[in-house]
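Undergrad: Got a predicted structure here, sequence first:
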Amino acid sequence: MPYRIQKFVFEKSNISLDWENQAKEWDYFVVPVFEKPKSESNDKSEIFSSSFLEKLNGIYKIFEVFSKEEFQGKYGSSFLFPSAKETSILFVGLGTIKEILYNPEHKISRAILKALQTIKKKKISKMGFDFESIKEFYKTFEISFHLRSLLTNILIAFEEYTYHSLEAKEISKEIEELKIFLDEDIPEEIQRFSLSVLRARANTKDLVNMPSNTKTTLTLVEKAKSLNNHQLKIDIIDDVEWIKTNMPCFYMVAKGSLASDPPKWIRVEYTPKTEIKHRIALLGKSIIFDTGGYQVKPDNYMNTMKADMTGGASVLSIIEEVANLQIPYLKITAYCPVTANKIDSDAMLPDSIVTSHSGKRVEIRHTDAEGRLTLIDAISIAEKEENDIFIIIATLTGSAARAVGPRIALMSTRRDKRKDFEQALEEIGEPYQSLEIEDDDYEDIKSKLDGADINNIGNEKYRGAQTAASFIFSGLSSREKVCFHLDIAGGDVDKEEKATGIAIKGVLNYLWNLAQSSH
């Protein structure tokens, strides 16, 4: 497992009542610290005194130590209280209600991760976490407490702290046992959901972080074939003539690498043991490496293009965990049109015209707008297989990155249905921003050539994220079909050019909620 946490324990216990008996068990114990809201009569920062902090203060005079060290629980701050004989206590500053009110689960996760990164020890035998203090703070200030979301995001902080790529020269961090303390039972299905998110994120990051010289179309094929679950049916088509005939736009992108790394069409189908209420298509952009084609990318834009298959890696990791969770009522199929976008003498040319699977004639105005060409064929095939909800994950446009930054740019064919997806993202702490698709976006991609219906970059220089989405949506027979498009180009890798696992928890949460509402 690429994150190095050997064992998770979810302990029904109030640690403040039993600290004396457990104080020597841990290498490190992580304690969240909030600030009280400032009152009109007192604008000084005061720490919210949870039951556990009161206990620690009685033993170690911790409030005096905080005052001396000027630790006030500010968001993003931390303080390590070492002890030669007992556990070292890591206090994590989470700030005030106002600071975490929007997207609190994500912000709590980020603050915990930042604090963890101050621990330099490589191998940690036992680590504990005081979940109870968060619950107590939420209850005191009447904040809605969402156990599944909070647990998932807390564990994500530890997953990111211990994650290393498969190519890492050494394992930087390892935790043998992580114990979460809360004074109520954490239902097993919530534990399983949270750990599924961790696995899916880590597996996605593994695939994305692979070096470009070792990653090929077979990388995703091998991932699909490794999905050893009897509820998954795996189909791989590597017949180039079949792809040329049935997926002409996809084939055009693949032409530049036919000799070196021919295309693959991956389809993984999950069938629940229950009756089927919805049929979901998960479509992942799976460009193994994107040079831009003949309209080649400038050198600084070509770096990180090994991550242009993040969508494909994501949907395969998601469907693996869908099967592990045995999500009911939803038949879910992952579709990956896998190819590189490279250059040789047969590579696609700008100003080409090709007929898509849906029958629409496509003018290829730019060879670096290739992902949407693969996806317009994929979504048309997915529709013919009688799916009723479509979810696209794609590192599609620089425009989305400029518009929303390191978030999901969420677009949809149906505004009335989008609120359910937005709610699922917000609930699980997945940063996103919605962009509207207008009639003008469909107008903008109309081809000016009399031999084509649409073109692959639009005619104007603005709204690039929306016109790219409308191009893919054009592969459907009707705009009334329910389709959610997640352009993750701004958040697929971080500033250190490492994969982030963006969209995994959000999509899994949407599917989970949809299954629950389908009872």
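TA: Received the coordinates, thanks.
Undergrad: for the nearest residue to residue 466 once chain neighbours are set aside, what are its contacts?
TA: Closest residue in space to residue 466, ignoring its immediate chain neighbours: residue 441 at 4.5 Å, by CB to CB, 6 or more residues apart in numbering. Using the backbone N, CA and C atoms, a C-beta is placed for each residue, glycine as well. Taking CB atoms under 8 Å, 6 or more residues apart in numbering, we find residue 441 in contact with 458, 463, 466-467, 469-470.
Undergrad: The lengthiest strand in the chain pairs with which strands, and in what direction?
TA: Ranked by number of residues, the top strand in the chain under DSSP state E is strand 330-341. Strands adjacent to strand 330-341 in the sheet, as given by DSSP bridges, are strand 264-270 (antiparallel), strand 278-284 (parallel), strand 286-290 (parallel).
Undergrad: mind giving me JSON lines with the ones you listed and columns for mean pLDDT?
TA: Shown next, in JSON lines, are these (pLDDT from 0 to 100):
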{"stretch": "strand 264-270", "mean pLDDT": "98"}
{"stretch": "strand 278-284", "mean pLDDT": "98"}
{"stretch": "strand 286-290", "mean pLDDT": "98"}
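Undergrad: deepest of those, which one?
TA: strand 286-290 (a mean of 26; mean count of other CB atoms under 10 Å).
Undergrad: Now distance to residue 157 too, for the strands paired with strand 330-341, in JSON lines please.
TA: Below are those laid out as JSON lines (distance: least, CB to CB, whole Å):
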{"stretch": "strand 264-270", "distance to residue 157": "29"}
{"stretch": "strand 278-284", "distance to residue 157": "26"}
{"stretch": "strand 286-290", "distance to residue 157": "29"}
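Undergrad: Low-confidence ranges, the stretch 151-300 of the chain, go.
TA: The model of the stretch 151-300 of the chain has no residue with pLDDT under 70.
Undergrad: The closest residue to residue 456 other than its chain neighbours sits in which helix or strand?
TA: Spatially, and ignoring its direct neighbours in sequence, residue 456 is nearest to residue 369 (4.5 Å; CB to CB, 6+ apart). Under the criterion DSSP states H and E, no helix or strand holds residue 369.
Undergrad: Flag every buried residue along stretch 140-155.
TA: By neighbour count on 16 or more other CB atoms under 10 Å, the buried set for stretch 140-155 is 146, 148-155.
Undergrad: Can you classify residue 177 by secondary structure?
TA: Classification of residue 177 using DSSP: H, G, I helix; E, B strand; the rest coil returns strand.
Undergrad: Please tell me I have it right and it contacts residue 10.
TA: No - using CB atoms under 8 Å as the test, residue 177 is too far from residue 10 to be in contact (11.8 Å).
Undergrad: Residue 392 is nearest to which of the strands paired with strand 330-341?
TA: Distance to residue 392, taken as CB to CB, is lowest for strand 278-284 among those, at 4.7 Å.
Undergrad: CA atoms only for the closest one - export them in PDB, please.
TA: Output in PDB follows, covering the C-alpha atoms of strand 278-284 (Å, rounded to 0.1, in the frame of the first residue of the first chain):
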ATOM      1  CA  HIS A 278     -29.700   3.800 -11.900                       C
ATOM      2  CA  ARG A 279     -27.100   3.000 -14.600                       C
ATOM      3  CA  ILE A 280     -24.000   5.200 -14.100                       C
ATOM      4  CA  ALA A 281     -21.300   5.800 -16.700                       C
ATOM      5  CA  LEU A 282     -17.900   6.900 -15.300                       C
ATOM      6  CA  LEU A 283     -15.800   8.300 -18.200                       C
ATOM      7  CA  GLY A 284     -12.100   9.100 -17.600                       C
END
